[in-house]
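Undergrad: Pasting a predicted model and its sequence here:
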Amino acid sequence: MTATLDAHHHLWKYDPEAYPWMAGDGLEPLRRDFLAADLKRELDAAGIDGAVAVQASQAVAETDWLLGNAAENAFINGVVGWVPASATPAASKGARAPVREPAAARRHHAHRAGRTDDAFSCGADFNAGSACSRAAIWFTTS
């Protein structure tokens with residue numbers, strides 16, 4: 001049997017300071033909690049077997065929270081989390097390794113960090129952090 005997965009789903013506990021991108025007009029429906037129970041209800045209604053939870057905030061605490069949700073909910077099949085792109089394990093402030101397979105990926109929004117030039121992605125800190133990552137790394141520039 002083939003499973004159907006939602007490959008990119010966001011969960012969050014709404015906090016306007018943690019999610020300033022939700023402040024715009026027309027985004028009012030997003031300004032509430034979206035939790036694992038909400039995801040499960042939507043997956044079941046759509047006949048989808050599981051999902052990959054993707055970070056919505058560039059915060060290690062959110063990555064840890066998503067990993068915890070994956071550990072508690074078998075329908076969350078993976079996590080794409082955030083740690084600083086330049087973070088080595090010691091600098092990642094405790095972001096855990098994935099709690100089960102498949103391994104988590106790291107995602108960094110270079111444009112949101114004010115990093116739009118090659119100096120960031122070619123820098124020693126960035127490359128040291130990337131080299132020690134045991135997960136896939138996705139960088140979004142738009």
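TA: Alright, I've got the coordinates. Numbers count the residues shown, from 1 in each chain.
Undergrad: alpha carbons only for contacts and neighbour counts from here, please
TA: OK.
Undergrad: count of neighbours near Met1?
TA: Residues near Met1, counting by other CA atoms under 10 Å, number 3.
Undergrad: meant to ask about Val54, not that
TA: Once other CA under 10 Å is used to define contacts, Val54 is seen to have 24 neighbours.
Undergrad: On the three-state scheme, the nearest residue to it once chain neighbours are set aside is what?
TA: The shortest distance from Val54 to any residue other than its chain neighbours is 4.6 Å, reached at Val80 (CA to CA, 6 or more residues apart in numbering). When classified by DSSP: H, G, I helix; E, B strand; the rest coil, Val80 comes out as strand.
Undergrad: Pull up the gap between Val80 and Trp12, please.
TA: 14 Å (CA to CA, to the nearest Å).
Undergrad: Counting neighbours, go ahead and name the busier of those two.
TA: Counted by other CA under 10 Å, Val80 and Trp12 do not tie: Val80 has more neighbours, with 26 against 22.
Undergrad: so for the lengthiest helix in the chain, what's the average pLDDT?
TA: When the chain is scanned for its longest helix (criterion: DSSP state H), the result is helix 60-72. For helix 60-72, mean pLDDT rounds to 88.
Undergrad: Which strands and helices lie in contact with it?
TA: strand 76-81 (3 or more CA pairs under 8 Å, 6 or more residues apart in numbering; DSSP states H and E).
Undergrad: Just the angle for the strand it packs on relative to helix 60-72, thanks.
TA: Counting by axes from the mean of the first three to the mean of the last three CA atoms, to 10 degrees, strand 76-81 lies at 170 degrees to helix 60-72.
Undergrad: Tell me the strands beside strand 76-81, with direction?
TA: Paired with strand 76-81 in the same sheet, following DSSP bridges, are strand 50-54 (parallel), strand 105-109 (parallel).
Undergrad: For those strands, which has the smallest mean pLDDT value?
TA: Among the strands paired with strand 76-81, strand 105-109 carries the lowest mean pLDDT (a mean of 57).
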